[in-house]
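let me see the structure of the following:
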Amino acid sequence: MRSIDALSNIFWVCFLGFFLSVFFAGLSQLEGNAYTDYIFLGEYQVPKSILPLASLSFAVFAFWMVSNRLNMLAYVLGSSTLNPTVMRDLFALNPPVLHVFDRANADPWSMFTGISVFIFIWAVFFGNAIALIWSGAVEQGVAVAEFDPFLLGVYLVVIILVLVFGTRAIVPPLSAILGTLHGDEFRIGWQRYLMALVVLVATVMINQSEQFFSNFDNEDNDLIGPAFANAIDGETLFIRGIEVALFGIDAVERDQICQDKDGKDYPCGQRATQALQTLVQSEPVVCLPIVSVNERRVLAICEVVSDAETAPMEGAAFLEGYRPDSLSRLMIVEGHAVGVGLGQEVFSEEEIQAQTLRRGIWQGSFQPPRLWRSSQSSK
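As a prediction, this is how the structure comes out:
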């Protein structure tokens, strides 16, 4: 009976984790949080990078606790001299919250039994965890600065491992208990796995609906432009009502101050903005969107159209070889930005060139833009 009571308490903890995942996933989509590295809770700031790790750690702990109690209960039932009828009566007197030991749970087609509800809440939980990871990969702040396919791949592998651990830890003792109580062979069934997959994907898409379903006004060939643009800062353009963040770079922020070769302060952020504006003020720009952050903002590869005859007319052109007019490349060459994510590899030679020639921010000392943003957020 103590094991049954403990299971009820653990299930309530799982429900708490479920609601917290919904809460934080929702908060991360608010406009005030969408473009920062943090989720703001009053005077407190929760780093977005912590939330996926906290979610997966909680999942491992909860799975382990549930498995521990189920194994204990399976052992007690397996060694008990009570007949199955008496055992079922005991469970009926004090069932766990989700009624996971009812006979109906053995039917994989039943979507409203305790085990199905348990799978549903965990599917929503992991869907929200994936949404938080995705938010940290493509949004401004952690977004563009930390877009790293390798890191996303690591997270994906960890999530799969946690799910496999949970399944292997919980299903065997649960099957043993149901077999002892009802004499039925228990299987989760492909129906429940399919339900979990649908719920997980739906949760991710609901959380990132603006990214998946945004209808920014691009051309039939999926390009933005050619069109004239204005610089918002050293890494963001405003084109036809859309904010376009340049792929692979992190420019010094508009209000950021750096030190020149003599150690004197100068407005490096303003110079970066002016440099990008100079690049686009006399010639049109064409962009290939990579990721839609929301209906007003995209992450894109952009370049100035210096010659109408060589202007890229389809997305494949952006991915073919060296693009000398790439705005991301030019901003790094001039020393107004650093490469991040894939940009560290794509623009590594240009960044070394800027450092060697002491251009822009490399003429003296500066704080990396991401660290500067973090220091400003903590004030």
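
now Ala251, nearest residue through space, not along the chain?
Gly234 (2.9 Å; Cβ to Cβ, 6 or more residues apart in numbering). C-beta here means a position set from N, CA and C on the backbone, and glycine is covered the same way.

burial count for that neighbour?
Number of residues near Gly234 (other Cβ atoms under 10 Å) recorded here: 29.

and Arg2, by the same measure?
Neighbour count for Arg2, taken as other Cβ under 10 Å: 10.

helix/strand/coil for the residue lying farthest from the centre of the chain?
Taking Cα atoms, centre = their mean, the residue of the chain most remote from its mean C-alpha position is Thr81, at 51.0 Å. Three-state call for Thr81 (DSSP: H, G, I helix; E, B strand; the rest coil): coil.

now do it against Asn94, distance only.
Distance, Thr81 to Asn94, by Cβ to Cβ, to the nearest Å: 20 Å.

report the contact partners of Gly166.
Ala59, Phe63, Trp122 (Cβ atoms under 8 Å, 6 or more residues apart in numbering).

reformat these as TSV; add distance to Ile257, pLDDT and neighbour count.
As requested, the contacts of Gly166 are exported to TSV (distance: Cβ to Cβ, whole Å; pLDDT from 0 to 100; neighbours: other Cβ atoms under 10 Å):
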residue	distance to Ile257	pLDDT	neighbour count
Ala59	43	90	22
Phe63	49	92	20
Trp122	48	90	22
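
do I have it right that Ile224 meets Ile290?
No: Ile224 lies out of contact with Ile290 (Cβ atoms under 8 Å); the separation is 11.3 Å.

what touches both of those two?
Taking Cβ under 8 Å, 6+ apart as the contact rule, Ile224 and Ile290 both touch Val298, Ala300.

who's more crowded, the two?
Each of Ile224 and Ile290 has its neighbours counted (other Cβ under 10 Å); Ile224 has more, 23 against 17.

on the strand side of things, show who the nearest residue to that one once chain neighbours are set aside bridges to.
Sequence neighbours aside, Cys287 is the residue nearest to Ile224 in space, at 4.2 Å (criterion: Cβ to Cβ, 6+ apart). Under the criterion DSSP bridges, Cys287 forms beta bridges with Ile224, Cys302.

tell me the contacts of Cys287?
Cys287 neighbours (Cβ under 8 Å, 6+ apart): Leu223, Ile224, Gly225, Leu237, Ile239, Val244, Val298, Ala300, Ile301, Cys302, Glu303.

what about 7 Å?
Leu223, Ile224, Gly225, Ile239, Val244, Ala300, Ile301, Cys302 (Cβ atoms under 7 Å, 6 or more residues apart in numbering).

now do Ile301
Phe247, Cys287, Leu288, Ile290, Phe318, Ser326.

hmm, back to that, which one of the contacts of Gly166 is nearest to Ala6?
Nearest to Ala6 among those: Phe63, at 14.8 Å, using Cβ to Cβ.

sorry, back to before: how about the contacts of Ile301, which pair is most distant?
Using Cβ to Cβ, the contacts of Ile301 span at most 13.2 Å, a distance reached by Ile290 and Ser326.

where's the dip in pLDDT among the contacts of Ile301?
By pLDDT, Phe318 ranks lowest within the contacts of Ile301, coming in at 66.

which residues in this structure form helices?
All helices of the chain, identified by DSSP state H, fall at 2-28, 31-34, 50-79, 84-93, 114-138, 142-145, 149-182, 190-207, 209-213, 268-280, 327-333, 343-346, 348-356, 369-377.

what angle do helix 268-280 and the last one make with each other?
Computed by axes from the mean of the first three to the mean of the last three Cα atoms, to 10 degrees, the angle separating helix 369-377 from helix 268-280 equals 130 degrees.

same question for the third one.
If you take the same axes, to 10 degrees, helix 50-79 sits at 100 degrees to helix 268-280.

tell me the angle helix 50-79 makes with helix 2-28.
Angle of helix 50-79 versus helix 2-28, following the same axes, to 10 degrees, is 160 degrees.

cool, and the fourth one?
Helix 84-93 and helix 2-28 meet at an angle of 40 degrees, taking the same axes, to 10 degrees as the criterion.

what's helix 84-93 packed up against?
helix 149-182 (3 or more Cβ pairs under 7 Å, 6 or more residues apart in numbering; DSSP states H and E).

in the helix it packs on, what's buried?
For helix 149-182, a neighbour-count test (16 or more other Cβ atoms under 10 Å) marks 152, 155, 159, 162-163, 166, 169-171, 173-182 as buried.
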